[in-house]
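# 3D model of this:
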Amino acid sequence: MTPPPPHRPRSSRGLLLVMFLLVAAAGTVLTLHTIGVVSLPFLTPDERVIATNTGPEPGRVRVPMAAREIGAYEEIRRDDLWDRATGGVSTVDLSEEVVTRRRILVQLNDIVGRVLRHGKASGYVFTEEDFLPKGTRPGLVAGIPPGKRALRFKAEQVQGLVDLRPGDRFDLLASLAVDVEPEKLKAFAKAGAPGAELVMRARLASQRPQGEIRVLVQNGVIVTPVSTRNIPISSSSLTRGMTTRTRPVQEVVIAVFPEELGPLSEALAIGATIVATPRSGHPEDPQESVTPDYRSPWMLGSGSGEDQDNPTSDFRMVEVFEGGELKVVPVPVGPKRDGQKRDAHQPATQKPAAGK
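Coordinates of the predicted model:
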């Protein structure tokens, strides 16, 4: 008599059926992907550029474009060009004439890894003019021109910077009114030697209004326009303890020459009135043009030598010890005589060299 076959549990038969269905489904999906019916991004090589089965029409070129909004000074990454809806690089077909005339970039290698000179909206193509030179580091430092330094300060400290865009050029002028009232002179005396010089000029001058305008920055550049930033503020109380909240502050970042950082920082510290004068944005505007300084003709020590009512208009500031303290005092050197022209750095007692 033949023994009956071994009994198999129902759970084992169900597991085998599920595994068979999974293998069949995977094979079906792979077959559809192979013939191009469906697209599987994780099975597509990274080197592909366009996730379509058909190329552009004759006379047209397929060009990569931005798939999202990209900010200025950002480095282009592949995610910035990737269209999740199609599972490939976002592209547009343009005529060969337009691509050649506008010098539109076609290869991904010429786009990915580059730093944008300005912002780029979604759906726009790229040209070489959109990027900074190769090797530029992304971020705020990308907007600083070579040879310059950046300075961040509150927008309310300088007038005229509103509505300026990244790359716009300007000059900064500081106007400082010298008041002869003793209480107001104390504020300028705390500014060091430059402030003491202004105090001495006001004391020695007549009661006419005094003022001076100095050009602090020549050909400055906007790195980051006026924008609002939230800064944290901490406070403590007996009931709540230490709490932190934020306060909005409008700031601007500019780029200036290294030798201009000192005068500009000093003017900001003493509260001088600083005004920005934007330069022309036309390409033919000369880059080397200079805004001259201006000094009131009533200011003592202006160097004009033409004010006969002020015979002491030519003097030098000298540091002396008085009462155990170091002070800055003016030393008159006298007016010009016999048509002589003395150098500003030449002592008064020294006669000019022959032939001058």
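
# so residue 25 is in which element?
For residue 25, the host element (DSSP states H and E) is helix 10-35.

# residues contacting residue 149?
255, 256, 257, 258, 261 (CB atoms under 8 Å, 6 or more residues apart in numbering). In this view, the C-beta of every residue, glycine as well, is placed from N, C-alpha and C.

# repeat for residue 159
273, 274, 275, 276.

# what about 10 Å?
Contacts of residue 159 were listed using CB atoms under 10 Å, 6 or more residues apart in numbering, and they are 172, 173, 273, 274, 275, 276, 277.

# which one (most neighbours) among those?
Compared across the contacts of residue 159, residue 172 has the highest neighbour count, 25 neighbours, by other CB atoms under 10 Å.

# tell me the SS of it?
At residue 172 the chain is in strand, as set by DSSP: H, G, I helix; E, B strand; the rest coil.

# leaving out chain neighbours, which residue sits closest to it?
residue 217 (3.8 Å; CB to CB, 6 or more residues apart in numbering).

# which SS class is the one you found?
strand.

# so who does it touch?
151, 158, 170-174, 254-257, 260-261, 263-264, 267, 274, 276-277, 291 are the contacts of residue 217 under CB under 10 Å, 6+ apart.

# might one say that residue 257 is in contact with residue 220?
Yes. Assessed by CB atoms under 10 Å, residue 257 is found in contact with residue 220 at 8.4 Å.

# and for those two, which residues touch both?
145, 148.

# compare those two (neighbour count), which wins?
The neighbour comparison of residue 257 against residue 220 (other CB under 10 Å) goes to residue 220, with 25 against 14.

# so that one sits in a strand?
Yes. Counting by three-state DSSP, one finds residue 220 located in a strand.

# from residue 132, how far off is it?
19 Å (CB to CB, to the nearest Å).

# ok so, going back, list buried residues within the contacts of residue 149.
255, 256, 261 (16 or more other CB atoms under 10 Å).

# quick one, what contacts the second one?
Contacts for residue 256 (CB under 10 Å, 6+ apart) come out as 144-145, 148-151, 172, 216-221, 263-264.

# could you check how far the residue nearest to residue 172 is from residue 125?
Noted for residue 217: a distance of 36 Å to residue 125, by CB to CB.

# before we move on, the earlier item: would you format the contacts of residue 159 as a markdown table with pLDDT included?
A markdown table is the format used below for the contacts of residue 159 (pLDDT from 0 to 100):
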| residue | pLDDT |
| --- | --- |
| 172 | 95 |
| 173 | 93 |
| 273 | 90 |
| 274 | 93 |
| 275 | 94 |
| 276 | 95 |
| 277 | 94 |
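
# now for the residues you listed: which two are most distant?
Greatest spacing in the contacts of residue 159, by CB to CB: 273 and 277 (13.2 Å).

# overlap of the contact sets of these two?
159, 173.

# any idea how far residue 249 is from residue 159?
Counting by CB to CB - residue 249 and residue 159 are separated by 17 Å.

# could you do residue 26 as well?
From residue 26 to residue 159 the distance is 69 Å (CB to CB).

# quick check: mean pLDDT of the helix or strand hosting residue 94?
For residue 94, the host element (DSSP H and E) is strand 91-95. Mean per-residue pLDDT for strand 91-95: 92.

# identify the residues contacting that strand?
For strand 91-95, the external contacting residues (CB under 10 Å, 6+ apart) are 49-52, 55-57, 59-65, 67, 81, 83, 101-102, 104, 106, 123-125.

# repeat that for 6 Å
Contacts to strand 91-95, defined as CB atoms under 6 Å, 6 or more residues apart in numbering, come from residues 50, 56, 60, 61, 62, 63, 64, 65.

# the fifth one against residue 56, yeah?
Yes. The criterion here is CB atoms under 6 Å, and residue 62 meets it with residue 56 at 4.7 Å.

# burial count for the closest residue to residue 128 other than its chain neighbours?
Of all residues not flanking residue 128 in the chain, residue 103 sits nearest, at 6.0 Å (CB to CB, 6+ apart). A count of nearby residues for residue 103, using other CB under 10 Å, gives 9.

# per-residue pLDDT, residue 103?
pLDDT, read off for residue 103, is 92.

# check residue 268 too.
90.

# lowest average confidence, helix or strand, in this protein?
helix 182-189 (a mean of 54; mean pLDDT, DSSP states H and E).

# contacting residues around the closest residue to residue 73 other than its chain neighbours?
Among residues not flanking residue 73 along the chain, residue 142 sits closest, at 4.1 Å (CB to CB, 6+ apart). If a contact means CB under 6 Å, 6+ apart, then residue 142 has 73, 115, 132, 136 as its contacts.

# the helices in the stretch 1-150 of the chain, which residues?
10-35, 96-101 (DSSP state H, counting those that start in this stretch).

# right, so of those, which gets closest to residue 89?
Nearest of the helices of the stretch 1-150 of the chain (CB to CB): helix 96-101, 16.2 Å.

# show me what counts as buried in the closest one.
So, applying 16+ other CB under 10 Å, buried residues of helix 96-101: residue 99.
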